[in-house]
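Q: Below: sequence and its predicted model.
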Amino acid sequence: MRVSVIIAAAGAGRRLRSATPKQMLDIGGGTILQHSVKAFAAHPRISDIIVVMPPERTAFSPSPAMTGDLRTLPPIRTVAGGERRQDSVANGFDAVGPSADVVLIHDAARPFVTPDLIDRTIDAAATYGAAIAALQSRDTVKRVGPGGAISATMPREEIYLAQTPQGFRREVLAKAIAIGRSGVEATDEAMLAERAGFSVHVVDGDPGNVKITTEEDLDAARMRTATRGKPARTGRAGTGYDLHRLVEGRPLVIGGVTIQSDRGALGHSDADVVCHAATDAILGAAGLGDIGRHFPDTDARWKGASSLDLLARAAVMLADAGYEVGNVDVTVILEAPKIKDAIDDMRTRVAKALDVDPSRVSIKGKTNEGVDAIGRREAIAAHAIALVRSRS
Ligand code: MG
């Protein structure tokens with residue numbers, strides 16, 4: 001099934017106090033029109049796109065975000081609009097090829113149309129001949145007479161607020177547009193299709209599929225595009241904990257520094273509790289899982305691995321996810337020996353692995369006062385907390 005879409009972008013948008021037509025206003029990541037076109041261009045069922053522009057602005061350029069995958073985009077053409085909306089859509093329809101089975105019409109001022117809504121409209125148009133996205137009214141609707149008094153209360157369950165897309169089988173839209181050209185005035189093509197004798201099927205609209213009409217709508221749209229798809233701007237915290245047994249005949253590596261000790265930490269890698277706890281803390285802060293998922297001890301690659309290297313790899317994952325490390329704070333719990341003389345060296349190494357200044361890394365040592373396994377020198381543990389934030 002070939003689906004063409006006509007995007008109506010020829011309106012002057014007089015309700016917004018701007019010399020620029022509203023669909024040409026930037027809402028972040030492109031103009032309102034670019035967002036609307038992108039929604040259809042990214043949809044796998046759309047074969048071609050016709051953008052109806054104001055006659056004085058017939059050049060449409062895709063947003064920078066769209067040009068990355070131009071090869072996979074459906075062709076986008078522009079045609080000049082007419083006097084009224086229905087004239088503009090009629091001009092757009094003249095550019096629709098004869099092979100189109102279904103034609104969608106969409107207002108450029110609705111940039112948040114979803115793939116699901118596009119699918120629903122295509123399916124209903126193919127099945128019923130004519131379809132329109134609409135939302136059932138949540139408010140009671142009153143008809144008000146010339147004197148300012150209510151003349152009728154409409155049954156709410158019968159009241160639907162029309163959105164776009166509207167969709168038609170090609171031959172149905174041809175007849176609707178012919179009726180319009182014969183002199184019938186209409187605010188949308190569904191109305192022309194009704195006049196042409198077709199029944200128009202309603203599909204569930206989407207409350208998020210707003211039409212940007214007022215300054216408030218424009219502000220809200222900018223907020224939406226600013227936050228969409230990006231990590232939260234505020235910081236995110238993550239915690240990490242690690243414990244290893246202490247045994248004779250193993251080196252004791254803490255924060256990448258080998259400490260003189262008769263006992264060392266037992267583990268698959270170098271069993272560095274500071275690096276392991278810090279790795280879990282930064283991964284956790286970014287919602288990227290944990291050390292066991294990325295560096296499983298069943299994987300021979302990590303046997304004897306430097307845990308500073310694992311921490312550095314986790315820091316790269318964090319950067320790839322769009323985050324940077326704000327700070328990391330680690331508490332090491334070890335009965336003996338004392339580690340305070342090695343702490344500056346540990347901080348430098350951990351900071352280097354994280355690719356941050358050492359001032360962002362804190363490492364503190366504690367004993368367990370002789371209590372429990374750690375107090376008996378049977379184990380070493382570390383707690384870490386990390387704060388990360390998005391880089392944009
Ligand atoms: Mg560990």
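A: Cool, got the structure.
Q: nearest spatial neighbour of H35, skipping sequence neighbours?
A: Nearest residue to H35, sequence neighbours excluded (CB to CB, 6 or more residues apart in numbering): P111, at 3.5 Å. C-beta coordinates here come from the backbone N, C-alpha and C atoms, glycine included.
Q: could you measure T258 against P337, distance?
A: T258 is 12 Å from P337, where distance means CB to CB, to the nearest Å.
Q: list the contacts for R143?
A: By CB atoms under 8 Å, 6 or more residues apart in numbering, R143 lies in contact with 150-154.
Q: Which of these sits closest to the ion?
A: Of all the contacts of R143, the one with the least separation from the ion (CB to the ion) is M154, at 67.2 Å.
Q: Tell me how far the residue nearest to the closest one when sequence neighbours are not counted lies from the ion.
A: Excluding the flanking residues, the one nearest M154 by CB to CB, 6+ apart is V141, at 4.3 Å. V141 sits at a distance of 64 Å from the ion (criterion: CB to the ion, to the nearest Å).
Q: go on, P74?
A: P74 is 51 Å from the ion, by CB to the ion.
Q: shouldn't that residue be in contact with I50?
A: No - with contacts counted by CB atoms under 8 Å, P74 stays clear of I50, the gap being 10.4 Å.
Q: Just the buried ones from the contacts of R143?
A: Buried members of the contacts of R143, counted by 16 or more other CB atoms under 10 Å: none.
Q: mind putting these in TSV, distance to L218, pLDDT and secondary structure included?
A: Below are these laid out as TSV (distance: CB to CB, whole Å; pLDDT from 0 to 100; DSSP: H, G, I helix; E, B strand; the rest coil):
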residue	distance to L218	pLDDT	secondary structure
I150	32	91	strand
S151	34	90	strand
A152	34	91	strand
T153	33	91	strand
M154	30	88	strand
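Q: show me what contacts the residue of the chain most remote from its centre?
A: Centroid-distance maximum for the chain: D262 at 52.8 Å, with CA atoms, centre = their mean. Residues near D262 by CB under 8 Å, 6+ apart: E248.
Q: before we move on, back to that, show me which of P74 and I50 is the more surrounded one.
A: Taking other CB atoms under 10 Å, P74 and I50 do not tie; I50 has more neighbours (24 against 17).
Q: Provide the partner residues of that one in its beta bridges.
A: Here I50 sits in beta bridges with I6, R77, going by DSSP bridges.
Q: same thing with V332?
A: Applying DSSP bridges, one finds that V332 bridges with G365, A382.
Q: Now do the contacts for it.
A: 254-255, 273-274, 339, 363-366, 380-382.
Q: Need the three-state assignment for the residue of the chain found nearest the ion.
A: Of all residues in the chain, H276 sits closest to the ion, at 3.6 Å by CB to the ion. Of the three states, H276 takes helix under DSSP: H, G, I helix; E, B strand; the rest coil.
Q: so who does Y241 touch?
A: Contacts of Y241 (CB under 8 Å, 6+ apart): 277, 280, 381-384.
Q: hang on, it in a helix?
A: No - Y241 is assigned strand when assessed by three-state DSSP, not a helix.
Q: Mind pulling up the pLDDT for it?
A: Among the per-residue scores, Y241 shows a pLDDT of 98.
Q: Look up the residues forming beta bridges with it.
A: On the basis of DSSP bridges, Y241 is bridged to H383.
Q: Give me the buried positions along stretch 336-351.
A: For stretch 336-351, by 16+ other CB under 10 Å, it's 337, 339, 342-343, 346-347, 349-351.
Q: Which strand residues bridge A162?
A: Beta bridges link A162 to A134 when assigned by DSSP bridges.
Q: didn't it look like it was pressed against E189?
A: No - using CB under 8 Å, A162 is not in contact with E189, being 10.6 Å away.
Q: In contact with A285, which residues are there?
A: A285 touches 236-238, 318, 323, 386-388, counting by CB under 8 Å, 6+ apart.
Q: For it, give its distance to I132.
A: Distance, A285 to I132, by CB to CB: 46 Å.
Q: Please enumerate the helices of the chain.
A: Taking DSSP state H, the helices of the chain run over residues 32-41, 64-67, 85-94, 115-128, 170-181, 189-195, 215-227, 273-285, 291-294, 307-320, 343-354, 372-375.
Q: most packed of those?
A: Stretch with highest mean neighbour count among the helices of the chain: helix 273-285 (a mean of 28; mean count of other CB atoms under 10 Å).
Q: mind listing what V51 touches?
A: Contacts here follow CB under 8 Å, 6+ apart; on that basis V51 touches 7, 9, 33, 37, 60, 76-79, 108.
Q: Quick check: it vs G81, distance?
A: The gap separating V51 from G81 is 10 Å, by CB to CB.
Q: ditto for A59
A: Taken as CB to CB, the span from A59 to G81 is 14 Å.
Q: For these two, work out which one has more neighbours and name it.
A: Shown here are A59 and G81; by other CB under 10 Å, G81 has more neighbours (26 against 6).
Q: quick revisit: residues that sit against both of A59 and G81, list them.
A: M53.
Q: contacting residues for R391?
A: Contacts for R391 were tallied using CB under 8 Å, 6+ apart; they are 319, 322-324.
Q: who wins for most neighbours among the residues you listed?
A: Y323 leads these on contacts (other CB under 10 Å) with 24 neighbours.
Q: who's the residue nearest to that residue when sequence neighbours are not counted bridged to?
A: Closest residue to Y323 apart from its sequence neighbours, by CB to CB, 6+ apart: V388 at 4.3 Å. Residues in a beta bridge with V388, per DSSP bridges, are R236, V325.
Q: Any stretches of this protein with poor pLDDT?
A: 12-19, 58, 62-72, 227-234, 392 (pLDDT under 70).
Q: Might you enumerate the residues of it proximal to the ion?
A: 242, 276 (CB under 5 Å from the ion).
Q: Show me the domain layout of the chain.
A: 3-225, 235-390 (automatic domain parsing).
Q: Great, nothing more from me.
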